[in-house]
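> Sequence first, predicted coordinates after that:
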Amino acid sequence: MPNTARRASFPRLALFGCLFVLAGCAGVTPIRDLLDDPSRYDGKTVRIEGRVRGAAGGLGVGAYEVEDDTGRLTVVSDERDPPRTGANVGVKGKFQALLSLGIKSLAVLREEDRFEP
């Protein structure tokens, strides 16, 4: 019986292991979602992925624009130089809604981490 009990508990352990791994993987938020409802995301940590469309900076600080299929968002980095224009990047950071005027939203993502998409 002990061997049968071990075999029966394996699927449960595998399921819990998969759920644990998936819980640690935050999904990527489309930029349009951030800009369409900035108050919902304001102050929250989000992840975006896309292509760098413009970058400026030096001496370990900078800003760059990330574009996905749904829109563009400015990313501000206080600790790293920006990635090169044209690079594909993933960024985790705190979303900050600065201003909303009618259909236009001004917002930035304060970079906390950068990863490969």
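That came through fine.
> distance of the residue positioned nearest the centre of the chain from Leu59?
The residue lying closest to the centre of the chain (Cα atoms, centre = their mean) is Arg47, at 0.9 Å. Here Arg47 is placed at a distance of 26 Å from Leu59 (Cβ to Cβ, to the nearest Å). Where C-beta positions appear, they are placed from N, C-alpha and C, glycine not excepted.
> which helices and strands sit right next to the helix or strand harbouring the residue nearest to the centre of the chain?
When elements are defined using DSSP states H and E, Arg47 is found to belong to strand 45-58. Counting by 3 or more Cβ pairs under 8 Å, 6 or more residues apart in numbering; DSSP states H and E, the packing neighbours recorded for strand 45-58 are helix 31-36, strand 61-67, strand 72-77, strand 88-101, strand 104-115.
> Distance from that strand to the middle of the chain?
10 Å (Cα atoms, centre = their mean, to the nearest Å).
> what sits up against that strand?
Residues outside strand 45-58 that contact it (Cβ atoms under 8 Å, 6 or more residues apart in numbering): 26-31, 34, 62-68, 72-73, 75, 77, 81-95, 109, 112, 117.
> Low-confidence ranges, the chain, go.
1-26, 100-105 (pLDDT under 70).
> hmm, 90 instead?
1-26, 54-62, 78-81, 98-106, 117 (pLDDT under 90).
> I'd like to know how many residues surround the closest residue to Val89 other than its chain neighbours.
Closest residue to Val89 apart from its sequence neighbours, by Cβ to Cβ, 6 or more residues apart in numbering: Pro83 at 5.3 Å. Residues lying near Pro83 (other Cβ atoms under 10 Å) number 19.
> Let me see the contact set for Pro83.
Pro83 neighbours (Cβ under 8 Å, 6+ apart): Val52, Ala55, Tyr64, Val89, Arg114.
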